[in-house]
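Student: using only what follows, build the 3D model:
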Amino acid sequence: MKKENNEDINTLGDWYHSFKSLGIDNLQKGGIYPLNQVSKEGIILSYLRLAIEKTKASSKENISVLDLFSADCYYAFYAEKYGANIVHCVDSDKLALQQAKILINKWNIEDKIKIFAEDVFKFENAFEYDIVLCCGGLYHIYDPPELIKKIADKHKPNYLIIQTACSLNKLFDFAPYFESPAPGWTWGCRFNKSYLNDILLKNNFSIVDFTFNELEGNERVEDRGSMYYLLKRK
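Tutor: Numbers count the residues shown, from 1 in each chain. Model prediction:
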């Protein structure tokens with residue numbers, strides 16, 4: 001992936017992520033976005049790199065990645081950089097995907113990164129992926145178990161990487177906790193580690209690594225926690 005001239009990068013407005021680490025001087029949305037990117041990206045990228053390296057070590061020739069809730073495809077570009085041959089990005093935010101398309105064209109990687117402007121529940125692809133990224137999406141929906149079951153049954157990844165916001169109050173409670181809509185919201189949900197662990201185990205994922213930190217951009221305790229999973233399919 002090479003650096004290109006950055007003209008026209010911001011013609012569609014500000015981006016979810018800063019791409020400066022990839023050589024692009026784009027304008028990022030303000031507010032919570034810069035701080036939360038710093039909180040999340042180091043852990044997510046370390047899990048992504050490890051999953052790709054382990055897949056390479058299994059003598060897999062073409063590594064495939066599915067990026068659900070991809071927004072501007074920031075992590076998809078890193079997947080390609082780390083050695084993925086096929087990366088499919090799914091999000092209902094058409095503007096964010098159009099922004100990503102600018103970079104896909106600039107870097108001439110249309111054959112590697114493809115975008116799908118669809119609801120993650122409706123996305124159908126006969127493809128089975130080596131790695132699935134599900135970062136920043138589970139807490140936006142009403143039925144996380146349904147989506148995780150679809151990932152396990154339809155996409156059949158060897159590795160699944162999850163990042164999700166959670167409440168600091170409920171995170172490590174022993175009893176499973178789930179609430180929808182999310183506290184103070186009219187949509188989405190909140191759940192704790194125990195609830196998510198149960199779902200993952202029922203869908204035959206084992207936990208390779210779990211990490212927790214705080215989303216520095218979020219003020220409310222209900223939104224400030226962040227859970228990260230690197231999972232392997234049994």
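Student: all helices of the chain, in order?
Tutor: 32-57, 74-82, 94-106, 144-150, 193-202, 221-224 (DSSP state H).
Student: first-to-last residue distance for stretch 217-234?
Tutor: 35 Å (CA to CA, to the nearest Å).
Student: low-confidence ranges, the chain, go.
Tutor: 1-7 (pLDDT under 70).
Student: so which residue is smack in the middle of the chain?
Tutor: Centroid-nearest residue in the chain: Cys135, 2.5 Å away (criterion: CA atoms, centre = their mean).
Student: now that one: closest residue in space that isn't a chain neighbour?
Tutor: Gln163 (4.1 Å; CB to CB, 6 or more residues apart in numbering). In this view, the C-beta of every residue, glycine as well, is placed from N, C-alpha and C.
Student: check Lys29 too.
Tutor: Nearest to Lys29 is Asp14, by CB to CB, 6+ apart, at 4.5 Å.
Student: do the same with Lys40
Tutor: Gln163 (5.9 Å).
Student: what residues are bridge-paired with that neighbour?
Tutor: Cys135, Tyr228 (DSSP bridges).
Student: give the contact list for it.
Tutor: 40, 43-44, 134-136, 226-229 (CB atoms under 8 Å, 6 or more residues apart in numbering).
Student: repeat that with 10 Å
Tutor: 39-41, 43-44, 47, 69, 75, 133-139, 211, 215, 226-229 (CB atoms under 10 Å, 6 or more residues apart in numbering).
Student: any idea how far Phe210 is from it?
Tutor: 11 Å (CB to CB, to the nearest Å).
Student: need the overlap of contacts for these two.
Tutor: 227-229.
Student: which one of the residues you listed is nearest Glu80?
Tutor: Glu80 lies nearest to Tyr228 out of the shared contacts of Gln163 and Phe210, by CB to CB, at 21.3 Å.
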